[in-house]
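Peer 1: 3D model of this:
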Amino acid sequence: MADLTAAEAPARPTAATRILRVAGPLVELENAGGVAMNDLVLLGAERVPAEVVEITTSRVTVQAYEYTGGLAPGRHAFPLGAPVCARLSPGLLGGVFDGLLRPLTDFGDRLAPGTGTDAPPARRWAFDAAVAKGQEVSEGTVIGEAGNPDGPRTRILVPPGCAGEVTYVADSAEHPEDTALAVVGGTEIRSVTEWPVRRPRPVRERVPARTLLTTGQRVIDLLFPVARGSTVAVPGGFGTGKTLLLQQIAKWCDADVIVYIGCGERGNEMADVITEFAELTDPRTGGRLADRTVIIANTSNMPMMARETSIHTGATVAEYFRDMGHDVVVIADSTSRWAEALREFASRTGELPAEEGYPAGLASALAAFYERAGAVTTLGAGPGSVTVFGAVSPPGGDLAEPVTAHTERCVRGRWTLDRDLAYARHYPAVSWSHSFSRDTDVLSTGPDGRETAGRRAAVAELLTAADRLADLVELVGVGALPAPERVSVLAGRLIREGLLQQSALSPNDTHCTPAKTAALADAVLAVIERCRSLVASGTPPDVVEQADFTALLRAREEAGPGDAATVRAARDTTLAVLGELR
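Peer 2: Have a look, this model is predicted:
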């Protein structure tokens, strides 16, 4: 049996070298040759992992992923001769990992320095073969499924660059993950594989993103929809609800797999995410929501280099499941803290700073990350996608700062969170005047798409009219406006309170199906049109404003996530109330 392909081969230590200087996480080694940029090095007896960041004739500079206390000049370091790789296996789904994809649930309360750098004990997975001996297969072909018998299963694929005749297939039974499950063209295929985190996994071709990803959040699905394989930035200042919004999307979007990256987040927020995902029931399968989720928890107290790597690790995990034919959502919270890690790293290596101290390559780094999203035809000739949502935390809410500005250039959507809406307890605080989606045109094809586009245009027009009058209302009061403008102000209030607001704490309203979203939009638009007709026929606007709209405004919380009938009943009740006005 042949060895693994070069891209999948696990790193093995080469000749040792000596540590020359230790300056916090920055460590200098003697250049013993055979070391390349981005290679992984293990430092000292503790085997602290570090990455090569600079090479000169006599020295190699590495950046440690962990605390370097106890390291000293003269100690040995062990170059592995390979870049940082993610260990991809059936154990990912439902797991919690750090930025190097080491499982946080297997080592107690804390990771000691060097934990996980040795080969972990081989786990056993139930395997069900999907190919037969003698069959000709190509790269990306599914050879079987592996995983827990009663839990999520992972498709085992022929790796990139491998094709030929199947000369061996393991029996359908439990096997250790380091055991060959099949041999194709002389290459052994196991249930565990490794892939360099900074190298995108190959695909057959990229295809246009034309399929709607339903997020369960009405303001997004109606006004700023996103396609599977697209990219979205979510900028917002402190306290505007970025993390809560992204957590809601992670819980309720209709993707097959969720990769949640907590990059530089507070520990208590990550603990809440882990706890809630473990307790929630997946509406698609009836099992645990955590069983189709991979959480990468790299909190703010973890080392800078691990924080920087966590984004690439999450993208690699997403591509791993994409290659199986899944639609994957990556949630990066937050890319600003990742950019801050890049800035800190650049300052330590002496790189010339650009805007606000960020490295000159910030735009390229952001673009390289978002480019790993996309709808594709996989090597196995099936469809798959990776959709990326990146939170941005601009200091002081300044949307002109470098991270926000560079991110906007390489994403297809922006959901800007407004501080005034957040402080007015309007959730989600997505600003309809400062957000956009470039996917609306491609998602507006077909009867359903055109119908949704009509609702979107009508709601956006009414919100624009209400916003245009808002400053004037504050100055002279609504009573000084002409009757049609007073109806526009009323329309804005009904849309905000009856349609766009959504309570994350309400069992009925925490997520919303497309059917309920359409019913609420149609109900609000019908009531607004009746108000316009009444005022046009001579009914005083103050009489219309004082009408009882309670049934309409409470429909979003009284109707279940997919209950369009209750919404239509509330619409009819409100129209009946308006019909009694004189």
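
Peer 1: can we go C-alpha only for contacts and neighbour counts from here?
Peer 2: Noted.

Peer 1: who's in contact with stretch 128-147?
Peer 2: Stretch 128-147 is contacted by residues 90-91, 125-127, 153-173, 182, 184, 191, 323-324, 378-381 when judged by C-alpha atoms under 8 Å, 6 or more residues apart in numbering.

Peer 1: which ChimeraX command selects the buried ones in the residues you listed?
Peer 2: In ChimeraX, this line selects whichever of the contacts of stretch 128-147 come out buried by 16 or more other C-alpha atoms under 10 Å:
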select :90,91,125,126,127,153,154,155,156,157,158,159,160,162,163,164,165,166,167,168,169,170,182,184,191,323,324,378,379,380,381
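
Peer 1: so which residues of the stretch 201-350 of the chain form helices?
Peer 2: Ranges of helices within the stretch 201-350 of the chain are 218-223, 242-252, 267-279, 304-322, 335-348, based on DSSP state H, counting those that start in this stretch.

Peer 1: now swap in the stretch 401-550 of the chain and tell me
Peer 2: Going by DSSP H, counting those that start in this stretch, the stretch 401-550 of the chain shows helices at 402-409, 419-423, 446-476, 483-495, 514-536, 541-545, 550-558.

Peer 1: chain center to the first one, what's the gap?
Peer 2: In terms of C-alpha atoms, centre = their mean, to the nearest Å, the centre of helix 402-409 is set 17 Å apart from its chain centre.

Peer 1: who does it touch, helix- and strand-wise?
Peer 2: Helices and strands touching helix 402-409, by 3 or more C-alpha pairs under 8 Å, 6 or more residues apart in numbering; DSSP states H and E, are strand 231-235, helix 362-370.

Peer 1: now it: buried residues?
Peer 2: With burial defined by 16+ other C-alpha under 10 Å, the residues of helix 402-409 counted as buried are Pro402, Val403, Thr404, His406, Thr407, Glu408.

Peer 1: equivalent analysis for the second one, please.
Peer 2: Applying a neighbour-count criterion of 16+ other C-alpha under 10 Å, one finds Arg419, Ala422 buried in helix 419-423.

Peer 1: run a quick neighbour tally on Ser444.
Peer 2: Ser444 is flanked by 17 other residues according to other C-alpha atoms under 10 Å.

Peer 1: I'd guessed it sits against Arg455; true?
Peer 2: No - if you go by C-alpha atoms under 8 Å, Ser444 and Arg455 don't touch, sitting 11.1 Å apart.

Peer 1: ok, so what distance separates Ala480 from Leu463?
Peer 2: 20 Å (C-alpha to C-alpha, to the nearest Å).

Peer 1: cool, and Arg210?
Peer 2: To Leu463, Arg210 is 27 Å away according to C-alpha to C-alpha.

Peer 1: which residues does the worst-scoring helix or strand of the chain on mean pLDDT contact?
Peer 2: Least confident helix or strand, the chain: helix 267-279 with a mean of 81, by mean pLDDT, DSSP states H and E. Residues outside helix 267-279 that contact it (C-alpha under 8 Å, 6+ apart): Val96, Gln247, Lys251, Gly262, Arg288, Leu289, Ala290, Ile295, Ala297, Thr299, Ser300.

Peer 1: re the thing from before, tell me which of the helices of the stretch 201-350 of the chain is the most buried.
Peer 2: helix 304-322 (a mean of 25; mean count of other C-alpha atoms under 10 Å).

Peer 1: which strands or helices does that helix pack on?
Peer 2: Helix 304-322 packs on strand 85-88, strand 257-263, strand 293-298, strand 327-333, helix 335-348, helix 362-370, strand 383-392, going by 3+ C-alpha pairs under 8 Å, 6+ apart.

Peer 1: helix or strand right after the strand or helix carrying Ile143?
Peer 2: Per DSSP states H and E, Ile143 falls inside strand 142-147. Using DSSP H and E, the next helix or strand after strand 142-147 towards the C-terminus is strand 153-157.

Peer 1: direction included, what does that next one pair against?
Peer 2: Looking at strand 153-157 with DSSP bridges, its partner strands are strand 142-147 (antiparallel).

Peer 1: how far out from the middle of the chain is the least confident helix or strand of the chain?
Peer 2: Relative to its parent chain, helix 267-279 has a centroid offset of 16 Å by C-alpha atoms, centre = their mean.

Peer 1: report the angle between that helix and strand 257-263.
Peer 2: For helix 267-279 and strand 257-263, the angle between their directions (axes from the mean of the first three to the mean of the last three C-alpha atoms, to 10 degrees) works out to 170 degrees.

Peer 1: then helix 267-279 to PDB, C-alphas only?
Peer 2: Listed next in PDB are the C-alpha coordinates belonging to helix 267-279 (Å, rounded to 0.1, in the frame of the first residue of the first chain):
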ATOM      1  CA  GLY A 267     -15.200  33.600  26.900                       C
ATOM      2  CA  ASN A 268     -18.700  34.000  28.300                       C
ATOM      3  CA  GLU A 269     -20.100  34.600  24.800                       C
ATOM      4  CA  MET A 270     -18.500  31.500  23.500                       C
ATOM      5  CA  ALA A 271     -19.700  29.500  26.500                       C
ATOM      6  CA  ASP A 272     -23.300  30.700  25.800                       C
ATOM      7  CA  VAL A 273     -23.000  29.600  22.100                       C
ATOM      8  CA  ILE A 274     -21.700  26.100  23.100                       C
ATOM      9  CA  THR A 275     -24.400  25.700  25.700                       C
ATOM     10  CA  GLU A 276     -27.300  26.800  23.500                       C
ATOM     11  CA  PHE A 277     -26.200  24.700  20.500                       C
ATOM     12  CA  ALA A 278     -26.100  21.600  22.800                       C
ATOM     13  CA  GLU A 279     -29.600  22.200  24.100                       C
END
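
Peer 1: what angle separates that helix from strand 293-298?
Peer 2: Relative orientation of helix 267-279 versus strand 293-298 (the same axes, to 10 degrees): 170 degrees.

Peer 1: what is the orientation angle of helix 267-279 with helix 242-252?
Peer 2: 10 degrees.

Peer 1: in contact with Asp256, which residues?
Peer 2: Arg292, His326, Asp327, Val328.

Peer 1: tell me the confidence at the third one?
Peer 2: Think Asp327. In this model, Asp327 is scored at 96, pLDDT.

Peer 1: now tabulate the helices of the stretch 401-550 of the chain in JSON lines and tack on mean pLDDT.
Peer 2: Formatted as JSON lines, the helices of the stretch 401-550 of the chain follow (pLDDT from 0 to 100):
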{"stretch": "helix 402-409", "mean pLDDT": "94"}
{"stretch": "helix 419-423", "mean pLDDT": "93"}
{"stretch": "helix 446-476", "mean pLDDT": "92"}
{"stretch": "helix 483-495", "mean pLDDT": "95"}
{"stretch": "helix 514-536", "mean pLDDT": "96"}
{"stretch": "helix 541-545", "mean pLDDT": "94"}
{"stretch": "helix 550-558", "mean pLDDT": "96"}
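
Peer 1: got CSV for those, with distance to Val234 too?
Peer 2: Putting the helices of the stretch 401-550 of the chain into CSV (distance: least, C-alpha to C-alpha, whole Å) gives the following:
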stretch, distance to Val234
helix 402-409, 9
helix 419-423, 13
helix 446-476, 20
helix 483-495, 22
helix 514-536, 22
helix 541-545, 35
helix 550-558, 24
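
Peer 1: quick check: which ranges of the stretch 1-150 of the chain have low pLDDT?
Peer 2: Counting by pLDDT under 70, the ranges of the stretch 1-150 of the chain that qualify are 1-15, 106-121, 150.

Peer 1: all strands for it, in order.
Peer 2: With DSSP state E, counting those that start in this stretch, the ranges of strands along the stretch 1-150 of the chain come out as 17-23, 26-30, 39-43, 48-55, 59-64, 76-83, 85-88, 96-97, 124-129, 136-137, 142-147.

Peer 1: nearest to Gln546, out of those?
Peer 2: strand 96-97 (52.7 Å; C-alpha to C-alpha).

Peer 1: quick one: contacts of that closest one?
Peer 2: The contact list for strand 96-97 (C-alpha under 8 Å, 6+ apart) reads Pro103, Leu104, Thr105, Ile274, Val294, Ile295, Ile296, Ala297.

Peer 1: what is the burial count for the last one?
Peer 2: Put plainly, it is Ala297. 28.

Peer 1: and the first one, by the same measure?
Peer 2: Neighbours of Pro103 under the rule other C-alpha under 10 Å: 19.
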